[in-house]
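Generate a structure from the sequence data that follows.
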Amino acid sequence: MKSDITVTKLVANGLYKEALNLYSHLHSSSPTPNTFTFPILLKACSNLSSPSQTQILHAHLFKTGFHSHPHTSTALIASYAANTRSFHYALELFDEMPQPTITAFNAVLSGLSRNGPRGQAVWLFRQIGFWNIRPNSVTIVSLLSARDVKNQSHVQQVHCLACKLGVEYDVYVSTSLVTAYSKCGVLVSSNKVFENLRVKNVVTYNAFMSGLLQNGFHRVVFDVFKDMTMNLEEKPNKVTLVSVVSACATLSNIRLGKQVHGLSMKLEACDHVMVVTSLVDMYSKCGCWGSAFDVFSRSEKRNLITWNSMIAGMMMNSESERAVELFERMVDEGILPDSATWNSLISGFAQKGVCVEAFKYFSKMQCAGVAPCLKILTSLLSVCGDSCVLRSAKAIHGYALRICVDKDDFLATALVDTYMKCGCVSFARFVFDQFDVKPDDPAFWNAMIGGYGTNGDYESAFEVFYEMLDEMVQPNSATFVSVLSACSHSGQIERGLRFFRMIRKYGLDPKPEHFGCVVDLLGRAGQLGEARDLVQELAEPPASVFDSLLGACRCYLDSNLGEEMAMKLIDIEPKNPAPLVVLSNIYAALGRWSEVERIRGLITDKGLDKNSGISMIEVT
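Numbers count the residues shown, from 1 in each chain. The predicted structure follows:
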């Protein structure tokens, strides 16, 4: 039938609504449907995820008598199973089938894997024996795409079943296994499946590269891509190119990124929006905003994500004026900005410390009726804290209360940090105390401990630290920096040394910043020898540690150790005259003028003389 061929072509070309409209038009002329009519129409409904259209066709099936046809009933089940609101109809239809087929079972299983409650797909599979159905490769793929896929045990069991059925080398099963193991973070098993696969295609390579990207193995992506180009006759597709470009972006590998860009042009893939967006992102992250803008400008295929990527790239490269121009151009072209667009502008201005502009676009976003995401709120709180803008911080806190997100862990941490930086300790404590069960994220506790230390309430900082340990929250490196700093500024040597010994107890290795705090603690107490011994335990002490000890030498007029520290600082920062100036002041305080002349001569020899001070006051 000619109409069936036309409908089939429309569906094959992704024109699902047009196919359904054509059928509706033809149906009014009373054409005679056949066994091929409804399955293709139900496929269109599945792709549109339209339960209402499926129900209309379901009624037509009863009217025309095709509801009992196995192929059509299976397509009907698949169409209902494609939507979360209707997959229960798929289960009912499957239960009503007198002799369920593996195809119908797989349709229900696939729908439950995507749309059903967690564990429901596995439960259904366990009932397969009741229907005397033998699973096949499609069953395995459906099980691997279930919502439980992050459970490593589940993936291993399905893998064993695939081996038992003899389908483990099926390319689609193997590709699904590679993806599933990658999602679980088990790269060893993913790699083993990939290497043992006898026949690989571009989809398999893409799955493996995507898994490597998800798990942070960006450099390995390049090796796999090289292997693919050498051993596979198929050409890389847009998914391949996006994966490799993403790896280049993360590693800031502009050289390889340009090569992949050239390959994309050769393969005529630069007209695809996914590839364009990834190239814009890559060039932006590599600091080449001009190249990013060239790719963006030349492309005719741009969507909202592409615009967002270009605006974010401009903000990333401190081209805020160009970012604003792009934003206005985007609106002029009729593209409505979403939360990600606003976030790029607001967070970008916040990171630059431009408080006025950040709040300006926050107000515009609210006027546009776009709800801010938590990242926007935390970015605004960050700029409020850095600029000590208490009034704006309170306004954001009020907004968070109104939309009931004030107890989000990240937002609460940002609120505590902001209030502490603004000196409003009582407000920070209010946010902290609103949690009956405190978050187990150490950053939340660190904000309180560090905030109390910054505001000089050292005993409260220690109390929160002890409460953190009582609540069995694991402290991190930043926690110990905060408490050690509090000990240093309050002169509590014994407590500080006890905290320093606790670091390894919690499975952490002391870092230079921890040593720096203890050196500062000992130096302030005049225990310069002990501080020097501690410095020597570090393989490569940072300049801050030497600087701290030099400051202690100045307080206690220890010229020998002071000269040693000053010379080490000059080795690290040869253009910085400050250490030699401090050393000169130590000798001057001791009345050793010949040494003062020697050090000042050294400053002159090294060309570190400071320019004479000048006044910017205009005298009239």
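
how much space between the residue most central in space within the chain and residue 250?
Centroid-nearest residue in the chain, with CA atoms, centre = their mean: residue 214, separated by 10.1 Å. Residue 214 sits at a distance of 12 Å from residue 250 (criterion: CB to CB, to the nearest Å). All C-beta atoms are positioned from the backbone trio N, CA, C, and that covers glycine.

cool, residue 424 as well?
Applying CB to CB to residue 424 and residue 250 gives a distance of 39 Å.

for residue 462, same thing?
40 Å.

With residue 237 instead?
Residue 237 is 21 Å from residue 250, by CB to CB.

repeat for residue 481
28 Å.

More neighbours: which of the two?
A side-by-side neighbour count of residue 481 and residue 250, using other CB atoms under 10 Å, places residue 481 first with 19 against 16.

does the more buried one belong to a helix or a strand, and which?
Taking DSSP states H and E as the definition, residue 481 sits inside helix 477-490.

how about that helix: buried residues?
477-490 (16 or more other CB atoms under 10 Å).

Could you do stretch 285-293 as well?
So, applying 16+ other CB under 10 Å, buried residues of stretch 285-293: 285, 286, 288, 289, 291, 292, 293.

residue contacts, the second one?
Put plainly, it is residue 286. Residue 286 makes contacts with 248, 249, 252, 253, 254, 257, as judged by CB atoms under 8 Å, 6 or more residues apart in numbering.

Which two of those have the greatest separation?
Maximum pairwise distance among these (CB to CB): 9.5 Å, between 249 and 254.

Between the two, tell me which one has more neighbours.
Neighbour count, other CB under 10 Å: between residue 249 and residue 254, residue 249 has more, with 21 against 18.

can you redo the contacts of residue 286 as CSV with distance to residue 452, secondary structure and pLDDT?
Listed next are these as CSV, based on distance: CB to CB, whole Å; DSSP: H, G, I helix; E, B strand; the rest coil; pLDDT from 0 to 100:
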residue, distance to residue 452, secondary structure, pLDDT
248, 44, helix, 95
249, 40, helix, 95
252, 39, coil, 92
253, 44, coil, 94
254, 45, helix, 95
257, 46, helix, 94
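
quick one: which of the residues you listed is nearest to residue 120?
Closest to residue 120 out of these is residue 249 (37.9 Å), distances taken as CB to CB.

now that closest one: how far from residue 305?
15 Å.

same thing with residue 267?
From residue 267 to residue 305 the distance is 21 Å (CB to CB).

what's the answer for residue 242, then?
Taking CB to CB, one finds residue 242 at 12 Å from residue 305.

ok, these two, which is more surrounded?
The residue with more neighbours, out of residue 242 and residue 305, is residue 242; 26 against 17, by other CB under 10 Å.

so what's the more buried one up against?
Contacts for residue 242 (CB under 8 Å, 6+ apart) come out as 274, 275, 278.

Could I get the phi/psi values of it?
phi -60, psi -40 (degrees, to the nearest 10).

Against residue 186, how distant is residue 222?
22 Å.

quick one on the thing from earlier: mind listing which of the buried residues of stretch 285-293 are in helices?
285, 289, 291, 292, 293 (DSSP state H).

quick check, nearest of those residues to residue 452?
Residue 452 lies nearest to residue 285 out of those, by CB to CB, at 37.5 Å.

wait, doesn't the closest one sit right on residue 249?
Yes. Counting by CB atoms under 8 Å, residue 285 touches residue 249, with 4.5 Å between them.

Residue 467: what secondary structure?
What DSSP: H, G, I helix; E, B strand; the rest coil gives for residue 467 is helix.

Could you tell me how many residues sit around it?
15.

how far away is it from residue 475?
Counting by CB to CB, the gap from residue 467 to residue 475 is 12 Å.

Mind listing what's buried along stretch 364-377?
For stretch 364-377, by 16+ other CB under 10 Å, it's 365, 370, 372, 373, 376, 377.

With stretch 115-131 instead?
Across stretch 115-131, burial judged by 16+ other CB under 10 Å covers 115, 116, 120, 121, 122, 124, 125, 128.

quick one: contacts of that stretch?
By CB under 8 Å, 6+ apart, the residues outside stretch 115-131 that reach it are 81-84, 87, 100, 105, 108-109, 112-113, 135, 139, 142-143, 146-148, 154.
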